[in-house]
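S.K.: predicted model follows, preceded by the sequence.
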Amino acid sequence: MIGDNLRTERERQNLTIQDIAKGTSIRALYIEAIEKGEYGQLPGTVYAKGFIRNYANFLKMDADAVVRQFMEENHPEEVAAAEEAKQQLAEAEEQSKAEAKAKLATGSEYREQVSTPSSRHNNWLIAVIVLLVGAGAYYLFAMEDSSAPKTAPKAVTQTAKAPAAKTQPAKEEVQKQEAPKKVDGVELVAKFTDKCWTQVVADGKTVYEGTIESGKTETWKGKEKVVITAGNAGAVEMKVNGQDMGKAGDIGQVVEKTFTPDNANQPAPADKKDSKK
């Protein structure tokens with residue numbers, strides 16, 4: 001069992017559960033649950049995989065092999081589904097390569113590449129002609145205006161100057177300064193003030209999983225959704241599309257937050273939150 005393997009290696013290195021908790025930022029009760037195989041005590045499968053991977057990395061074991069063994073022992077159906085999806089992706093890539101070769105063989109790809117620069121060249125030529133015509137008209141107008149006789153006024157009249165209106169920043173400019181950053185999709189910037197195990201899933205794909213050290217700042221982007229899971233939520237300060245979201249939670253809490261383009265401009269509530277004990 002995977003928990004027995006981790007415990008055996010920990011004891012071989014003369015480490016205590018408290019040593020592991022301090023080095024990984026994983027709560028001691030979760031480490032005990034992993035070693036006993038009581039995975040129901042963990043917040044969920046995602047957290048279990050992350051904690052086990054972090055634990056194995058700390059012990060300098062093969063983390064990928066350890067996590068794979070955990071999934072095969074406890075979630076074999078997910079392993080089978082992942083293998084099937086991997087096979088389908090490989091078949092789709094092979095089909096795409098075959099279609100690309102066929103397209104090049106017919107010469108359609110070459111025609112598309114040649115026609116596009118030609119069209120751009122014609123657009124540039126038209127723009128230059130319009131610019132030259134406009135410059136010539138302006139020059140003729142200036143010459144006619146300078147050749148007109150100028151007569152000095154016989155009498156000088158003075159008019160009272162209206163007091164200068166107080167300038168205020170335009171309402172649109174103020175709104176522009178206060179408006180959140182415009183991003184196509186979701187951009188999450190996370191600043192870490194302490195060590196924290198973190199997992200980030202963008203548009204259904206895991207883009208990061210591991211422990212981030214204090215002082216680091218990371219940025220992740222997604223078109224439809226970004227989900228961040230933090231094992232030490234009080235150590236994570238977040239900004240989404242330039243909007244300050246504050247800390248993900250409290251020190252020692254396990255928190256999962258989801259951001260989409262619809263809620264990126266306002267703080268999003270935690271989807272899962274493990275209160276400190």
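M.R.: Ah, there it is.

S.K.: what pLDDT does residue 252 get?
M.R.: If you check residue 252, the pLDDT there is 84.

S.K.: please read the previous query as pertaining to residue 100.
M.R.: Here the pLDDT value assigned to residue 100 is 71.

S.K.: okay, and it sits in which element?
M.R.: Per DSSP states H and E, residue 100 falls inside helix 76-106.

S.K.: packing partners of that helix?
M.R.: helix 63-74, helix 108-147 (3 or more Cβ pairs under 8 Å, 6 or more residues apart in numbering; DSSP states H and E). All C-beta atoms are positioned from the backbone trio N, CA, C, and that covers glycine.

S.K.: what about 6 Å?
M.R.: Other helices and strands packing on helix 76-106, by 3 or more Cβ pairs under 6 Å, 6 or more residues apart in numbering; DSSP states H and E, are absent; none qualifies.

S.K.: got the angle for that helix vs helix 63-74?
M.R.: Angle, helix 76-106 to helix 63-74, by axes from the mean of the first three to the mean of the last three Cα atoms, to 10 degrees: 120 degrees.

S.K.: wait, residue 214 touches residue 232, no?
M.R.: No. Between residue 214 and residue 232 there is no contact, the gap being 10.2 Å when judged by Cβ atoms under 6 Å.

S.K.: low-confidence stretches in the stretch 1-150 of the chain?
M.R.: In the predicted model, the stretch 1-150 of the chain carries pLDDT under 70 at residues 103-122, 128, 130, 133-150.

S.K.: please parse the chain into its domains.
M.R.: What automatic domain parsing lists as the domains of the chain is 2-74, 186-274.

S.K.: okay if I get those as a markdown table plus mean neighbour count and distance to residue 90?
M.R.: Listed next are the domains of the chain as a markdown table, based on neighbours: other Cβ atoms under 10 Å; distance: least, Cβ to Cβ, whole Å:
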| stretch | mean neighbour count | distance to residue 90 |
| --- | --- | --- |
| domain 2-74 | 17 | 19 |
| domain 186-274 | 18 | 17 |
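
S.K.: residue 88 is nearest to which of these?
M.R.: domain 186-274 (15.0 Å; Cβ to Cβ).

S.K.: any idea how far residue 219 is from residue 203?
M.R.: Between residue 203 and residue 219 the distance is 15 Å, computed by Cβ to Cβ, to the nearest Å.

S.K.: now do the SS call for residue 255.
M.R.: Following DSSP: H, G, I helix; E, B strand; the rest coil, the label given to residue 255 is strand.

S.K.: wait, it sits on residue 248?
M.R.: Yes. The criterion here is Cβ under 6 Å, and residue 255 meets it with residue 248 at 5.0 Å.

S.K.: all helices of the stretch 151-277 of the chain, in order?
M.R.: For the stretch 151-277 of the chain, the helices defined by DSSP state H, counting those that start in this stretch cover 171-178.

S.K.: for it, give me the ranges with low pLDDT.
M.R.: Low-confidence segments of the stretch 151-277 of the chain (pLDDT under 70): 151-181, 264-277.

S.K.: start and end of stretch 238-254, how far apart?
M.R.: Terminal residues of stretch 238-254 are spaced 15 Å apart (Cα to Cα, to the nearest Å).

S.K.: how about stretch 249-261?
M.R.: One end of stretch 249-261 to the other measures 22 Å (Cα to Cα).
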